Structures are given as C-alpha cells and as structure tokens.
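Chemist: Just the structure for this:
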Amino acid sequence: MAPVHLLFVEDDDVIREATTLALERDGFQVTAAPDGLIGLTAFRADRPDLALLDVMLPGLDGVSLCRRIRDESTVPVIMLSARADSIDIVLGLEAGADDYVTKPFDTAVLVARIRAVLRRFQATAAADQGCAQLSFGDIAIDPEGMEVTRAGARLALTPTEMRLLLEFAASPGTVLSRDRLLERVWDYEWGGDTRVVDVHVQRLRTKIGADRLETVRGFGYKLRA
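Modeler: The predicted structure is shown next:
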C-alpha cells in the first residue's frame, strides 16, 4: 500500500525540515513547500491525500491557499497557527479547513490529528452504504451516493460537512451536544475545541438553510425534523 501523501506548507525552514523528517519517520510521504504559491503549484501537481498549511505564509497566506484548494478539491486540510488566536482559527475553518493545530505542537499530537482527519475522510467515502435516501423538507440526502440536494440542486459539501449532516440526520429532532459531535464527527477521544463544531455548523447552515439547524442554547444543535 502506498504511503499517505502529505503536502506541508511552512515558511520557517527549521520547523519545515524538522517536521518533515518526523512525519516521514511516521511513514508519511511529504512534499514540503516554503510559501503559499509554491504550495498551490505542488498541490495541483501532486494531488496529496492531505494538506497541512501554516496560516502565516509569504506569497499566498494559508487561509487564501485553503480557499484555493477548496475551490478545486475536498481533500482534508489542517491549518497550523502560531497563535491560539480566535480570528486565525475561525478564518481558517471558514475557509474550509477540517481542523487546526496550534504551534508549538508535539509531533505525536500532530500525527494523531492527521490520522483522525484521514480516518473520518475515508469513513465518509464508505459510510452508510445501502442506507435509504433521507428527506427533510427540500433537503434530500443520499448516503450511498454521498450526495445532498436542496430543491433538486446538488450541494457541494466537504467530507467533514457530510459527516456532520449525517450525524444530525441519524437523530432528527434530537439535541446533539458539541462534545458528542466532536467525538462522533471529528473522532476526538479527548476534549477538543468546540469552535471547530460551531464554525462547521455555520458553514453547513449556509448550504442547507439556516432554519434547518437549530441552536439550543447551553446544550448544542438539532436538525429540525
């Protein structure tokens, strides 16, 4: 089996080289790039299995690079931020990133996050085979074909958004806590940042309709049956 191919875009030479070596020791194939423009070229040439992007990049910043990748692909994206800054984190997630890791990071934690994202990406591709189509008003979900339509028009969902919607669709009308969603959708076996959930719910709302996902203050979210 071919190793998982990662695109790693980081402008700090020391971090880029040390992290690349550590990831390669863990069995990944790594293409490293020093700036956003080179990273975009490498992405288009190599079509990696996952993109690991620093937020602060010369040429083309990480958030803009994430948007470019999202325009062309649903490949998983993890953002790296030197600051646990809410603005950086939210901008990255709103651009379509699946997760983020703050610097400085332990390589073992980074590898665990990478593997978690890849697991849910691969699970989404094979999820719910043979399940019947689900309908909620003008929203139709085809779990077998991994397609969602709204009033007959196909919606472009990322794998993370698809997993989130399927989780809601499995329990319509039931309030799902942020912690449960982190565990079921993001595969976190430890406490994660609930901002990841909140931003993805907002992104999903813009696609399926704001009235479909209801916020239950102090508890979580539910899909209106």
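
Chemist: Averaged pLDDT, stretch 6-13. What do you get?
Modeler: Averaging pLDDT along stretch 6-13 yields 97.

Chemist: cool, and stretch 136-144?
Modeler: pLDDT averaged over stretch 136-144 gives 84.

Chemist: buried sites along that stretch?
Modeler: 136, 139, 140, 141, 143 (16 or more other C-beta atoms under 10 Å). From N, CA and C alone the C-beta is placed, and that goes for glycine too.

Chemist: now do the same end-to-end measure for it.
Modeler: 17 Å (C-alpha to C-alpha, to the nearest Å).

Chemist: same deal with stretch 135-153?
Modeler: Terminal-residue distance, stretch 135-153 (C-alpha to C-alpha): 14 Å.

Chemist: ditto for stretch 207-217
Modeler: 22 Å.

Chemist: Show me which positions of it end up buried.
Modeler: Under 16+ other C-beta under 10 Å, the buried positions of stretch 207-217 are 207, 208, 209, 212, 213.

Chemist: Could you name the helices and strands sitting against the helix or strand bottoming out on mean pLDDT in the chain?
Modeler: Sorting the helices and strands of the chain by mean pLDDT, DSSP states H and E puts helix 86-94 at the bottom, at a mean of 82. The contact analysis (3 or more C-beta pairs under 8 Å, 6 or more residues apart in numbering; DSSP states H and E) places helix 86-94 against helix 62-72, strand 77-81, strand 99-102, helix 195-208.

Chemist: Pull it out as CSV, backbone CA atoms only.
Modeler: Output in CSV follows, covering the C-alpha atoms of helix 86-94 (Å, rounded to 0.1, in the frame of the first residue of the first chain):
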residue,chain,number,x,y,z
SER,A,86,-9.7,33.1,17.6
ILE,A,87,-9.5,35.1,14.4
ASP,A,88,-6.9,32.9,12.8
ILE,A,89,-8.7,29.8,13.8
VAL,A,90,-12.1,30.9,12.7
LEU,A,91,-10.8,32.3,9.4
GLY,A,92,-9.1,29.0,8.6
LEU,A,93,-12.2,27.0,9.4
GLU,A,94,-14.4,29.3,7.5
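
Chemist: just the angle between it and strand 77-81, please?
Modeler: 170 degrees (axes from the mean of the first three to the mean of the last three C-alpha atoms, to 10 degrees).

Chemist: closest to residue 224 among the buried residues of stretch 136-144?
Modeler: residue 136 (7.3 Å; C-beta to C-beta).

Chemist: how far out from the middle of the chain is stretch 111-125?
Modeler: 9 Å (C-alpha atoms, centre = their mean, to the nearest Å).

Chemist: Tell me which residues of it come out buried.
Modeler: Using 16+ other C-beta under 10 Å as the test for burial, stretch 111-125 gives 111, 112, 113, 114, 116, 117, 118, 120, 121, 124.
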